[in-house]
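Student: Quick one: sequence and predicted model below, then my questions.
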Amino acid sequence: MCGNAGIKIWLVPGGLKIKHIPNILTAMRMIGSMILLFLEPFSALFCISYLLCGASDALDGYIARKAMVTSSFGASLDSVADAIFIGAILYVFLPVLQFPWWIICWISAIALVRISSLITGWFKYRTLAFIHTYANKATGLVLFFFPFLYNLFGLTITASLLCGLASFSAIEEQLINLTSKELSRDSGGFNWKK
């Protein structure tokens, strides 16, 4: 092990430092998300893989912050992994759950706002401008628990809660991209008092 500004960084076999662990966990979430596409929804193997994807999402950022190895690359990679996970979940659940047309329209509108926000960020900052806000984190948490909430509350309540949060977070992210002078990926949220 070697010291780094008072933080101990463990070396693992092959000389891999802990600073690489968060990005490896994020990459594993990308792979796990793709594996979900080939598993039977709600099966035991699907649930285990799903939970592992969620655990990697929680751990990658936690380890990066604790080891003080956060980076803009890691933040972007995490956002891409989140997008892949969300896309995989939508691909798996949309045909199985048979959402009513109004929920599909709502999900499509959210996707358009997200794409618009990415386009705005690309032209403004010349990079993918995924922003980590509290609303995005709340949306991700509710999205992760969707299968469990669905079993408790049914489709209409769960989808309405999730789409409501996702709408707010998508609009907030777009407003941040439109009004910020420089990209700040770890914004707590839009300053609504402006």
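Tutor: Received the coordinates, thanks. Numbers count the residues shown, from 1 in each chain.
Student: Quick one: the strands in this protein, in order.
Tutor: 2-4, 7-9, 11-12, 16-17 (DSSP state E).
Student: Give me the nearest residue to the residue nearest the centre of the chain, chain neighbours excluded.
Tutor: Geometric centre of the chain, nearest residue: residue 82, 3.1 Å, by CA atoms, centre = their mean. Nearest non-adjacent residue to residue 82, counting by CB to CB, 6 or more residues apart in numbering: residue 140, 6.4 Å away. Placement of C-beta: from N, CA and C, glycine included.
Student: Per the annotation, how does this protein divide into domains?
Tutor: According to automatic domain parsing, the chain comprises the domains 1-77, 99-194.
Student: looking at those domains, which is closest to residue 92?
Tutor: When the domains of the chain are ranked by proximity to residue 92, the top entry is domain 1-77, at 5.3 Å, counting by CB to CB.
Student: coming back round to it: for the residue nearest to residue 82, give its distance to residue 128.
Tutor: 17 Å (CB to CB, to the nearest Å).
Student: what about the two, which has more around it?
Tutor: In terms of neighbours (other CB atoms under 10 Å), residue 140 is the more surrounded of residue 140 and residue 128; the figures are 19 against 14.
Student: For residue 27, grab the count of nearby residues.
Tutor: Here the neighbour count serves as a burial measure; for residue 27 (other CB under 10 Å) it reads 15.
Student: and what of residue 76?
Tutor: By other CB under 10 Å, 16 other residues sit near residue 76.
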